[in-house]
Structure formats: C-alpha cells, structure tokens
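Chemist: Quick one, structure for this:
(2 chains)
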Amino acid sequence: MEQKERQYRNWAFVIVGFFVFVSLGSYALSEYYIYLIAYLWFGFVYGMALQYGRFCFASAFRDLFAVGVPRMVVGIVIATILFGLTAAFPTAAGQSTFHPAPASIHSVIAGLFFGVGMVFAGGCASGSLYKTGEGNGVALMVILSISVTQAIFVDIGGWANKLVPKSWAESAAAKRLPPSINHTDGWVDQYLTGYVWNQPTTTFAKMLGFKNASVAGAFLGNLFVGVVIPAALLLIVVYIFWQRKNYLRRLAKERGGTGSIGFSDDAVGFWKMILSSKRTAIAGLVLGVANGLHMLVIEGLRLKFGIGNAGQILKAIGQDYGLSVRGTVFDPGYWYVTTQEAQWVGWVFHKLGWNNMDNIYFGLANGIPNPLFNPADWMSLALIGGAAVMALLHGEFKFKKPTRELAVWAIIGGFFMGIGSRLGLGCNVGGFFVRVANGDPSGWLFGIGMIGGAFIGVKFFNWYTERKMAREMAALEL
Amino acid sequence: MAMKFEKKDNGSYLLDVQGYVCPHPQIYTKKALEKLQSGDILEVVFDNPSSSESIGSMCETSGHEIVEKNQVGGKFTWKIRKK
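Modeler: Numbers count the residues shown, from 1 in each chain, chains lettered A, B, ... in the order given. The predicted structure is shown next:
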C-alpha cells in the first residue's frame, strides 16, 4: 500500500518535472515561448481544480435526472457565480479577452446536441480531459471522437451543400472574405456566414445600457443580472424539485413527526444544499481565479511583445505552418477546450493531403498549427497532466482500457458533442461556462439546450440500463 | 470487463462495475438497490472516482446506509445496506 502511494507520488513528480523541463527548455530557446508556457501552467491548474472538484457538467445534469442527486449541479451553478465574480474584474478593468458570441436559437439546438452527447459519452468536453488524466481510456476515446468529428464537420461540402437553406446560401454569398476562403462551399461555412454571423452579439451589461468595460457594466449588468439572478433561480428550482422533499422528510423524522415546517426550515435546507457542494464550488473558485489571471497574463504578454495574437509568436519562433490567412491561430486567452482538439486532427488531415484551409474555422479563424507549438494544445495537455497529478496524489489514478461497449458510447457521445460544439461555437466551457460568467446571454441559451439534451440522454440510458439489469437479474429471482 | 451482478449469500449481493465510467456505475447501483429487499447488503465494486461522489450522495438522499468503504489503488469497494 505504502509502496503504491510512493510510486504514485513519484509519478506525480515526474509529470511536474516534465512540465518544468519543457518550460525552462523552451524559454532557453526563445523568450517568446513564455506565451506558450503561460497557457501550459494555467492548463495545469485547470486540470488540478477539475479533478479535485470532479467538475463535470455531464455528471451535474445526469446525476440530477438519473439518480436524483443535485450536489454536482449545485456545485456547478455556484462555481459559475464565483467564476462570474472573478471574470468581472478584468472586464471592469478593460483587460478581458472575452468576446460575446452571436445569440439565437442555434445556441439552444447546439446545446441539445451537446447535452445528449455528454450523457452518452460519460463526460463533457472538459470532464473527458480531466478523466483522461485519471488514466481513463474511455475519456481519451471521447476526446478523439470530438476532435475527429469537428475536424471533418467543419469542412464537409458537396452533398451537404444541398442541406443549406437558400437564405443562408444567399447571405453567405454576399459576404466578402479573402479569396483563399471558399465559404460558399461547405455546410458549416454557410451556416456561419449565412446565419450565425447575422445574429446579434451582446452582453447583459449592454442590454441594460452600460458600457461593458465599466464597473457598473461588469458587476451589475454581467455579474448580478447575467449570472447571480438566473443562477439563484436555478438553485431554487433544484431545491424545490430535488432536495426539499427528502430534506423535510429527514427533518420530520428528527423531530419525531411533530411540529410544522416553516420558511426558516426551507432556508436552512437550501443552505445545506449549497454547503454539500463545497468541493465543486472550491474548484469553481480556483477555475475562476485562474481564468481571470489567465486573461490578465495573456493580455500583459500581448502588450509586452506588441502582438494581438499567438500567430505572431509562432512566426517569431519559426513555426508559421498552418497559420490562418490572417496570420492568426486560435488564441482565446482563457480556458477553452474543443477548438484545439479539432486543430490537431485538422493538422493531421492537412499533412495527409486534405485541403481544409479553405474553410472559415481553420483557414480564416483558428489555423492548424503544429500541435507541438499550439498554445491551446499546451493548455489541454497540461490540463490532463494537472488532473493526473491530482489523481495520483489522492490514489485515484488507474489505467482503464475501454471495453467495446463503452468505446461505442464514447464514439457516439463524442460525435454528438463535436457537432454541438461547432454549432454552438464552443462546448460546455467555451459555449456555456465562460460565456455565462462573462454576461453573454448566448451562454444561457446553450445551457438550456444542454440541460434538455442531458434529460433526453438520461431517459435513453435509463431504458438501456433497465434492459441490461433485467437480463443480469433474470436468474436471481429478485 | 462486463457488468456483473450476482448473489453472494442470503441478503447479500455483488455488483461489479469496474471499467465502467459515468453514468453507468451510479445508474446500475440505483437499479440494483431498487430490486433488493430492505436490509439487504449490496457490495458495489467500481473504479470510476467521480462515481463515488454520486453514489455517496444518492445513498444519503435516499436513506441507504453505506456500512463500509474501501479504496485501494483506484478501486472502490463499498457495502450499502438498503433502507
């Protein structure tokens, strides 16, 4: 037992040592690498926090619907409030790297796809990353499936063009883009240029007439109205429908069945529900603080090097393969998951001869840099490493080979999440968590869809499990 | 490894869901408990860390008692008495 613990601790040191070596080694090559190193260490912190808090959106809504446990969803909602609080500071200071996304029904539909997928896969996009760090082979398959699905989906043209509504095609054709981008060919390109780009972008601050980068806008508009009020309403709904009955039943038992239940009892019950999610909430606070610092650090480095995007960093270190037509690469400046996953598969496809640089996603916006030099990929790899370190230190690391059954679920779930991520321009992190925390209403729209999708996924899983259990129990005469 | 559910003794059952990830362990545990009699013991073996949180909360909410918890090298063995 002690030997095993020592082994785990040693492996944790090896992982940390590897990241320190990469950081020092790359910095010795060029000071520009500090930009990638910043992504790396923030990713590491995200990974540790996610594993500590078991921070998984799939668990949150699935456990609520499947086994009636509200703990994780409460933790996620509290974490969102805390994240919103920390996000308000850089916004108020005008240092936020966040940009709101177009908001319309497409966010709900995207969330629906994503919600179904995360239940099938057994983890959301960020949850699958941290579970990979726990040695979970199924989670790794989910990541592969999300990555491949996205990389293919964003470049599908031909027969898929026939599925594009005429109004989208006309609107897309009217947009003027660089000649190398063939945005009139491809379902996703026409969806983006013909529909999504025509939708409004806003924040709660702007909707209330405040300037986004102001104290009133960031704290009153984005945080209080955009995060705290809807989150509080959601918590009340969860308490009433999932927690209250059990809590009051236990309370009545403690009191020997005598005495009436008053408002103060409900207030205590509500508070107990909040406290039961302490671990997830702490993780949310760490994620929020780290994300706020991440934005400030990246903004600071951009000022230091006089750049606006990591594409210029890659050029400076001689890695200009796969830059977008604008010379940029994906460089969110905060926690993000799915785009870098699509990029590395896109890079592989491109190396194999697939011309996928004529679409908007890769060719115009994000590029397909070498994964070894992609800042966001450094963040994701370090996230897996951070989660592994945390799991090793708590004796929770275990290599798990996927069974055929789980591999199938991982591929199907990853497929749905990949589609949802590209339709919604982000996953449960970039499409929901970060957006909501920054006062972007499209985040809540994605969230509504995600909850609906999780509900559908759970209904299906319940039916599937029931059948399987019935077979296992047939001989037991239960 | 496929899910395994078997009778160990009178009123004592084993549910082995090692290798399974969320949501399988918690759903199988819930379904198994639904089938048992009050007072029966269900021994659940799983190796998905986040399921420990879910199963623990589910038992607390539903009133089932976790009578024993063991964790060795990422493998969790819990005994649950049905309420």
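
Chemist: ok, now which ones touch the residue sitting nearest the centre point of chain B?
Modeler: By CA atoms, centre = their mean, chain B has its centre lying nearest to B:Val44, at 3.1 Å. By CB atoms under 8 Å, 6 or more residues apart in numbering or on different chains, B:Val44 lies in contact with B:15, B:17, B:25, B:29, B:32, B:55, B:76-80. C-beta coordinates here come from the backbone N, C-alpha and C atoms, glycine included.

Chemist: Filter the residues you listed down to the ones in strands?
Modeler: Counted as lying in strands by DSSP state E, out of the contacts of B:Val44, are B:15, B:76-80.

Chemist: related to what we said a few turns ago, list just the nearest of the contacts of B:Val44 to A:Tyr336.
Modeler: Nearest to A:Tyr336, judged by CB to CB, of the contacts of B:Val44 is B:Pro25 at 29.5 Å.

Chemist: helices or strands up against the helix or strand hosting A:Phe19?
Modeler: For A:Phe19, the host element (DSSP states H and E) is helix A:2-29. Applying 3 or more CB pairs under 8 Å, 6 or more residues apart in numbering or on different chains; DSSP states H and E, we find helix A:2-29 packed against helix A:34-53, helix A:375-393.

Chemist: show me the contacts for whichever residue of chain B sits closest to chain A.
Modeler: Ranked by CB to the nearest CB, the top residue of chain B for proximity to chain A is B:Gly74, at 3.0 Å. Each residue near B:Gly74 by CB under 8 Å, 6+ apart is listed here: A:134-135, A:391, A:395-398, B:47, B:49.

Chemist: how about the residues of chain B near chain A?
Modeler: Residues of chain B lying close to chain A (CB under 8 Å from any CB of the partner chain) are B:1-7, B:19-24, B:26-28, B:30-32, B:35-36, B:47-50, B:53-54, B:57-58, B:61-63, B:71-75.

Chemist: What segments of chain B are helices?
Modeler: Per DSSP state H, chain B carries helices over the ranges B:24-35, B:49-62.

Chemist: Turn the ones you listed into TSV, columns for mean neighbour count, mean pLDDT and distance to A:Glu472.
Modeler: Putting the helices of chain B into TSV (neighbours: other CB atoms under 10 Å in any protein chain shown; pLDDT from 0 to 100; distance: least, CB to CB, whole Å) gives the following:
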stretch	mean neighbour count	mean pLDDT	distance to A:Glu472
helix B:24-35	23	89	9
helix B:49-62	22	86	18
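
Chemist: what about the ones you listed, which gets the closest to A:Leu64?
Modeler: helix B:49-62 (10.2 Å).

Chemist: Give me the contact list for that closest one.
Modeler: For helix B:49-62, contacts defined as CB under 8 Å, 6+ apart pick out A:54, A:56, A:59, A:63, A:67-69, A:71-72, A:131, A:134, A:246, A:276, A:279, A:391, A:396, B:22-23, B:25-26, B:29-30, B:33, B:44, B:46, B:64-66, B:71, B:74, B:76, B:78, B:80, B:83.

Chemist: Which of those fall within strands?
Modeler: Under the assignment DSSP E, those contribute B:44, B:46, B:65-66, B:71, B:76, B:78, B:80 to strands.

Chemist: Using JSON lines, lay out these together with pLDDT.
Modeler: Converted to JSON lines, these look like this (pLDDT from 0 to 100):
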{"residue": "B:Val44", "pLDDT": "96"}
{"residue": "B:Phe46", "pLDDT": "94"}
{"residue": "B:Glu65", "pLDDT": "94"}
{"residue": "B:Ile66", "pLDDT": "95"}
{"residue": "B:Gln71", "pLDDT": "87"}
{"residue": "B:Phe76", "pLDDT": "93"}
{"residue": "B:Trp78", "pLDDT": "96"}
{"residue": "B:Ile80", "pLDDT": "96"}
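
Chemist: Can you say which of these are buried?
Modeler: Buried members of those, counted by 16 or more other CB atoms under 10 Å in any protein chain shown: B:44, B:46, B:76, B:78, B:80.

Chemist: so the second one sits right up against B:Leu14, yeah?
Modeler: No. Taking CB atoms under 8 Å as the contact criterion, B:Phe46 and B:Leu14 are not neighbours in contact, 11.8 Å apart.

Chemist: In chain A, where is pLDDT below threshold?
Modeler: Low-confidence segments of chain A (pLDDT under 70): A:1, A:258-259, A:475-478.

Chemist: By residue count, what's the longest helix in it?
Modeler: In chain A, assigned by DSSP H, the helix with the most residues is helix A:441-473.

Chemist: and it, what does it pack onto?
Modeler: Counting by 3+ CB pairs under 8 Å, 6+ apart, helix A:441-473 packs on helix A:57-67, helix A:105-121, helix A:434-437, strand B:4-9, helix B:24-35.

Chemist: of all the ones you listed, which lies closest to A:Gly262?
Modeler: A:Gly262 lies closest to helix A:57-67 among the helices and strands packed on helix A:441-473, at 26.6 Å (CB to CB).

Chemist: Also compute the angle for that closest one relative to helix A:441-473, please.
Modeler: Computed with axes from the mean of the first three to the mean of the last three CA atoms, to 10 degrees, the direction of helix A:57-67 lies at 50 degrees from that of helix A:441-473.
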